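S.K.: Got a sequence here, can you build the structure:
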Amino acid sequence: MNYLETVKDLCLIAQGFFETKQEPFEKVVEACGRSLLAGGKILLFGNGGSAAEAQHFAAELVNKFYRVRSALPALALTTDGSVLTSIANDSSYDRVFSRQVEALGTAGDVAIGLSTSGISANVLEGLRAAKAKNMVTVALTGKGGAEMASLADHLLDVPCKTTPRIQEVHLLILHLLAEMLEEKFSS
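M.R.: Now for the predicted structure:
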């Protein structure tokens, strides 16, 4: 596949996502806005490229996306090496996110788990911990959501099974979410 075909493919996948997932996406925007207005926060977690996207989104909220505005509380649970390695070493890598959700999450917060496959054990455990704390759960996955679908109050599954394309659409989703939240909190 040449790069122009890849770009066309990505555009079709993104368009397909927003044509079928506009309502769930808007519900995620509303849930995040409600949580932030009530003094809550957004916790994000994933592995590899999904970890990087979680960190990127948290930075957009804490600092800014387009506009200088009040900081919005968001935290990627992928960034504290001491916490991650302590939990992985003393307990299990499967618990690196759930332990942090137990420590940092409160009812009404939003937990966003990212996994292109929808079966990452540590992301699943993080969402389970969030459900136990009465947090709003959001799953960003590939087509169908796999096991994460049953743990998500809001499933944002990209209609694709190719990891790079899923991650690219996840980034678009997170950028649009950041932009919409910024608009809501900049007025």
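
S.K.: Just give me the residue closest to the centre of the chain.
M.R.: The residue lying closest to the centre of the chain (C-alpha atoms, centre = their mean) is residue 112, at 3.6 Å.

S.K.: Then that one would be within a helix, right?
M.R.: No. Going by DSSP: H, G, I helix; E, B strand; the rest coil, the assignment for residue 112 is strand, not a helix.

S.K.: Show the contacting residues for it.
M.R.: 42-45, 54, 57, 138-140 (C-beta atoms under 8 Å, 6 or more residues apart in numbering). From N, CA and C alone the C-beta is placed, and that goes for glycine too.

S.K.: partner residues bridging it?
M.R.: Per DSSP bridges, the residues bridged to residue 112 are residue 44, residue 138.

S.K.: pLDDT score assigned to residue 187?
M.R.: For residue 187, the model assigns a pLDDT of 66.

S.K.: and of the contacts of residue 112, the nearest to residue 15?
M.R.: Distance to residue 15 across the contacts of residue 112 (C-beta to C-beta) is lowest for residue 140, with 17.3 Å.

S.K.: you'd agree that closest one is up against residue 167?
M.R.: No. Using C-beta atoms under 8 Å, residue 140 is not in contact with residue 167, being 9.4 Å away.

S.K.: intersection of neighbour lists for these two?
M.R.: Contact criterion C-beta under 8 Å, 6+ apart; residues shared by residue 140 and residue 167: residue 50.
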